[in-house]
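J.: Okay, predicted coordinates and the sequence, questions at the end:
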Amino acid sequence: MFDSAEFAALREEYLQGVLQRAGHLREAVTALRQGSPVDLRQLRQEVHKLRGSGGFYGFKALSAAAAEAEDALLMVLDGELERDDKALADLVDRVLEEIDAASR
């Protein structure tokens, strides 16, 4: 199945969707760096989707970067980690770097 033309088409379709959603992540990174309000729950949800789906479609580095960002966001949301917007922006920026790498 994973070597089929159908899966390759699905993988490309998935990547196009990820590229479209990347705009929201870029906005969040900019807002975090500027100290503007960011809904961390929504941001966590976005990276959570990439964490699961990225690995399924063969983008393991993307999935790993999203996992790291999601784990940090969960710890902030649960009060286990002090909120550091610069550090969160850096983690989400790494997810964006992996999206860019996957699209090349």
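T.: All right, it came through fine.

J.: Check which helix or strand the residue nearest to the spatial centre of the chain maps to.
T.: With distances taken as Cα atoms, centre = their mean, the residue of the chain nearest its centroid is Val47 (3.7 Å). Under the criterion of DSSP states H and E, Val47 resides in helix 40-56.

J.: my guess is Val29 meets Val95, correct?
T.: No. At 9.2 Å, Val29 and Val95 do not qualify as touching, with contact defined as Cβ atoms under 8 Å. Backbone N, C-alpha and C define where each C-beta goes, glycine included.

J.: Looking at the two, which is more packed in?
T.: When neighbours are counted by other Cβ atoms under 10 Å, Val29 and Val95 differ, and Val95 comes out ahead with 28 against 21.

J.: quick one, longest helix in the protein?
T.: Assignment by DSSP state H gives helix 5-34 as the longest helix of the chain.

J.: mind checking how far that helix is from the chain centre?
T.: 8 Å (Cα atoms, centre = their mean, to the nearest Å).

J.: what do you get for stretch 88-98?
T.: 7 Å.

J.: State the mean pLDDT of that stretch.
T.: The average pLDDT within stretch 88-98 is 98.

J.: rewinding a little: got a pLDDT number for the residue nearest to the centre of the chain?
T.: pLDDT, Val47: 97.
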